[in-house]
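Asker: Generate a structure from the sequence data that follows.
(2 chains)
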Amino acid sequence: MTDRKTNGMLLQRRTLLKGAASGAVLLAAPAILTRRAAAQGMDTSSFENAGIDWRQAEGASITIGVIPAGYFQNLEAVLPAFSELTGVNARLEMTPPGQIRQKAVLDLSSKTGTWASHAADPMYYDLYVANGWVDALDGYLGDAKLTGQEWFDYEDILEGWRGATSVDGKPYGIPYDGEATIQVYRKDVYDEAGLKPAETLKEYAANAAKVHSPDSRLWGAALRGFKGAGQNMYIYPSIFRAFGGEWFDGDRMVVNSEEAIAALDWYVKLLNGYAPPGVENWNWPDIADAFGQGTLGSYIDAHSSAAVIANPEKSKVVGKIGFARWPKGPSGKRVTSIWNWSFPINAALSEKDKAATWLFIQWAASKETQAATSYAFDGAYKRSGVNRTSLWQDEKFTGELSRVGDNFIEATQQSFTEDTDVDWRPRLPQWPAVGETMATAIQASLVGQASVKAALDEAQARIDGILKG
Amino acid sequence: MARNPHQAARLRRGIVLYAVVGLLLFVWAFPIFWAVVVSLKSETEVLAYPPNIIFEPTVRNYRDALVGGFSILPSFATSFIISGLTTVLTIMLAVPCAYAFARLRLRGKKALGFYTLVTQMVPPVGLVIPYFLILNRVGWLDTYQGMVVVYLTFSLPFAIWLMVSYMEDIPCEMEEAAFLDKANRFQALWHVVLPQVRGGIAVTVIFVFLNAWNEFLFAVQLGGNDVRPVTVAMYNFVSVEQTLWAKLSAAALIAMLPMIIIGFAAQRQIVKGLTVGAVKGGGRR
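Answerer: Below is the predicted model of the structure:
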């Protein structure tokens, strides 16, 4: 930590000399006021078991773009241990979630190598790979000089996440943190109405109808209504797949099939019938806030939202929460999301920086660091999106978490192992544009701008255009 | 108590006027008032419905925003440096430029004036990529000088055009008198013109500073860990996990403070500056 501080100051001094002399006094100010999360120690002895030379990239400096979120703040707090272990000066750059994708694409496409790695959206890998912007990681994983294969145990990382960060069977990113979407409900409300968590989507709507009583400020259910590839287009794909929808007919992407119409119709009817007014502008923090205030009977969203609704400082429903897997659709499938933030390696880096970046990724995704940033973290926030099957079976991890509510660990675990679907969202290099097009269509039908069929037909026409190039 | 009808009418008009003004002011100021209220509540209290009118105010959010793990103070300093340098450089360059546009007879003046305006027509989003590449090439990404140069690209044209209109409103006769007393152009500008456009300069300073202070797009894409203005830092309270409304409000109010102070300090100048052009009805010649 001291190292980084001094470095930062030196850097600023240098900038200062280069810059206008008149600003000299002012320029030194931020260095004095340096702010970062409180560093904490970490036992690094087990890293010796990796059997690799951790100091092979000593002296390298790398910056990793991440978003301001608890799970990265915890990583930042233990980061000094990485620098101590490797002699690599690594720092995290917090960028708002709405901008990190653009900034990463800007950096990668211009080959500037500003970010050695960044928290990547799995849906972007097809784009990255099609352009050769990131390195395939099989070479790194297979290199005994770079990777302690047995110690790192890549196969221990959740299978669905490995799939999501691979393209054509080759890994391009290593998942660090992630989530599954699960059903969250008010135990007390459901008990009083004699309800059980829904087994099918039909039941889910029926449950919502039964507990729905806006006059006493309790709405039946809510899902993300906000327009965006990572918002409403994050929830709809699960419904679409559960209705038996297929994104591709041969080579052609199809979004207006019968299943698609039925799925969107279910979503629109559920939200228009039983969700609070304004739900078309709700993203998941809004949903979790509403649930925490006791105004929602149920919602389906990320398991990690439990941190908000089970936090006594923010929530009034602590101790009244139950969890279950996604309800089944007409196809008999339950389909959860596959979301994770993973780290790729920027192909524009020098060999030494690539090695340093790989060491960082290996360190961050290792069992040890995953534990140090979750249950073993010395702070109020302990992350719940760990990347490893072994941790999800470890009582030290699950013990703490199971307190958030009924069936939480079981529902999340089963969602990871049984409900993930590699084709959950359509994977293609044009995803950013396709995702936004779908998001617009979903919201247009939600607010009644267009009928479900008309909205999807229009999306189909647009997507045909996008894919034609 | 009988007053004459004329006075009564005036009183009525006054009441109506104040009621309308009060209403408009209320609508305009409500979001800020609400932010103040939210910033004094706990996170649970913020979401309570119906909102609690009576609650125990806390300064915890301000403490967290100022000295907590996410302190915005370093970013505050950063914003100050960037906005300050941008404003100083802009005024230093814009005043002579505007004077030249307003007074000098030079070839291609119209074309130059139009060119200055054209730079404002490009949507900033379209400029992010070239700026990113250029700054990267010269090693100025995430530096103060890089950020200030980029901010000059939009503040300078704006300031020049604003200043031109103020300069044109000053009668040429005053300068001519100065020339008769053997003043040169610069002396005329400094001693005669500048004192006349003080109000205009004040208005320009405010707008330039305000634009730089509120800028987000370039700040997030071209800045980084070293140069991280307050607009970007505020996002620490809006994570993918949750929005910490109370802390965000506290941070936003703190970020607003310098603008409010500058606004009050320069209030008289601004009012003067805003009315000068209106009364004289000056235009481009």
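Asker: for the residue of the stretch 101-250 of chain A found nearest chain B, what are its contacts?
Answerer: At 4.4 Å from chain B, A:Thr112 is the closest residue in the stretch 101-250 of chain A, using CB to the nearest CB. All C-beta atoms are positioned from the backbone trio N, CA, C, and that covers glycine. For A:Thr112, the contact set (CB atoms under 8 Å, 6 or more residues apart in numbering or on different chains) comprises A:348, B:132-133, B:136, B:141.
Asker: switch to 7 Å and redo it
Answerer: Neighbouring residues of A:Thr112 by CB atoms under 7 Å, 6 or more residues apart in numbering or on different chains: A:348, B:136.
Asker: Over to it: give its phi and psi.
Answerer: A:Thr112 adopts backbone torsions of phi -90, psi -20, taken as degrees, to the nearest 10.
Asker: With the one 5 residues further on instead?
Answerer: Geometry field for A:Ser117 lists phi and psi as phi -150, psi 170, criterion degrees, to the nearest 10.
Asker: Any stretches of the chain with poor pLDDT?
Answerer: The chain I'm using is chain A. Along chain A, segments meeting pLDDT under 70 span A:1-38.
Asker: ah, I was thinking of chain B
Answerer: By pLDDT under 70, the weakly predicted segments of chain B are B:1-3, B:239-241, B:273-285.
Asker: At the geometric centre of it, which residue sits there?
Answerer: Centroid-nearest residue in chain B: B:Leu210, 2.0 Å away (criterion: CA atoms, centre = their mean).
Asker: That one and B:Pro258 touch, don't they?
Answerer: No: between B:Leu210 and B:Pro258 there is no contact, the gap being 9.8 Å when judged by CB atoms under 7 Å.
Asker: helices or strands up against the helix or strand where B:Gly199 lies?
Answerer: Assessed by DSSP states H and E, B:Gly199 sits inside helix B:198-214. Under the contact criterion of 3 or more CB pairs under 7 Å, 6 or more residues apart in numbering or on different chains; DSSP states H and E, helix B:198-214 touches helix B:73-103, helix B:144-168, helix B:245-265, helix B:267-280.
Asker: Any part of stretch A:54-73 near chain B?
Answerer: Yes: with CB under 7 Å from any CB of the partner chain as the measure, stretch A:54-73 is seen reaching chain B through A:67-70.
Asker: So which of those belong to strands?
Answerer: Per DSSP state E, strands hold no members of the residues of stretch A:54-73 next to chain B.
Asker: Put together JSON lines for these, with neighbour count on each row.
Answerer: Listed next are the residues of stretch A:54-73 next to chain B as JSON lines, based on neighbours: other CB atoms under 10 Å in any protein chain shown:
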{"residue": "A:Ile67", "neighbour count": "22"}
{"residue": "A:Pro68", "neighbour count": "22"}
{"residue": "A:Ala69", "neighbour count": "23"}
{"residue": "A:Gly70", "neighbour count": "23"}
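Asker: and the two most separated of the residues you listed?
Answerer: By the measure CB to CB, A:Ile67 and A:Gly70 form the most distant pair in those, at 10.3 Å.
Asker: Can you name the residue of the stretch 151-285 of chain B nearest chain A?
Answerer: Among all residues of the stretch 151-285 of chain B, B:Tyr235 sits closest to chain A, at 3.9 Å; criterion: CB to the nearest CB.
Asker: Would you mind listing what in the stretch 201-350 of chain A touches chain B?
Answerer: Checking the stretch 201-350 of chain A against chain B by CB under 7 Å from any CB, the hits are A:217, A:285, A:288-289, A:293, A:304, A:307-308, A:313-314.
Asker: how about the residues of chain B that lie near chain A?
Answerer: In this structure, chain B approaches chain A at residues B:43-44, B:47, B:49, B:69, B:71, B:73-74, B:77-78, B:81, B:85, B:129, B:132-133, B:136, B:141, B:143-145, B:220-221, B:224-226, B:232, B:235-236, B:239-243, judged by CB under 7 Å from any CB.
Asker: ok, of those residues, which come out buried?
Answerer: B:43-44, B:47, B:71, B:73-74, B:77-78, B:81, B:85, B:132, B:136, B:141, B:143-145, B:220-221, B:224-226, B:232, B:235-236, B:239-243 (16 or more other CB atoms under 10 Å in any protein chain shown).
Asker: Contact partners for the closest residue to A:Lys227 other than its chain neighbours?
Answerer: For A:Lys227, ignoring the flanking residues on the chain, the nearest one in space by CB to CB, 6 or more residues apart in numbering or on different chains is A:Gln443 at 4.2 Å. By CB under 7 Å, 6+ apart, the contact set of A:Gln443 is A:227, A:232, A:280.
Asker: A:Gly132 too?
Answerer: Neighbouring residues of A:Gly132 by CB under 7 Å, 6+ apart: A:Ala347.
Asker: and what of B:Ile254?
Answerer: Taking CB under 7 Å, 6+ apart, we find B:Ile254 in contact with B:65, B:72.
Asker: go again using 8 Å as the cut-off
Answerer: Residues in contact with B:Ile254, defined by CB under 8 Å, 6+ apart, are B:62, B:65-66, B:72, B:76.
Asker: Strands along the stretch 301-450 of chain A, start to end?
Answerer: A:321-324, A:339-344 (DSSP state E, counting those that start in this stretch).
Asker: other SSEs contacting the longest one?
Answerer: Going back to what we said before, that points to strand A:339-344. strand A:117-118, helix A:159-164, strand A:173-179, helix A:351-365 (3 or more CB pairs under 8 Å, 6 or more residues apart in numbering or on different chains; DSSP states H and E).
Asker: And for the first one?
Answerer: Counting contacts by 3+ CB pairs under 8 Å, 6+ apart, strand A:321-324 is packed against strand A:181-186, helix A:187-192, helix A:306-309, helix A:408-418.
Asker: I would like the residues contacting that strand, please.
Answerer: Strand A:321-324 has contacts (CB under 8 Å, 6+ apart) with A:182-187, A:190, A:197-198, A:303, A:306, A:309-310, A:404-408, A:411-412.
Asker: of those, buried ones?
Answerer: The neighbour count (16+ other CB under 10 Å) marks A:182-187, A:190, A:197-198, A:303, A:306, A:309-310, A:404-408, A:411-412 as buried among the contacts of strand A:321-324.
Asker: Okay, domains of chain A per the record?
Answerer: Under the assignment automatic domain parsing, the domains of chain A span A:1-35, A:39-178+A:345-392, A:181-337+A:406-468.
Asker: How far away from the center of its chain is the strand or helix carrying A:Leu271?
Answerer: Here A:Leu271, judged by DSSP H and E, is contained in helix A:258-274. Centroid separation for helix A:258-274 versus its chain: 25 Å, with CA atoms, centre = their mean, to the nearest Å.
Asker: and the next element down the chain from it?
Answerer: Using DSSP H and E, the helix or strand that follows helix A:258-274 in sequence is helix A:284-292.
Asker: Name the residues that touch that following helix?
Answerer: So helix A:284-292 is contacted by A:184, A:186, A:219, A:222-224, A:226, A:231, A:276, A:282, A:296, A:299, A:301-302, A:305, A:308-309, A:311, A:314-317, B:47, B:240-243 (CB under 8 Å, 6+ apart).
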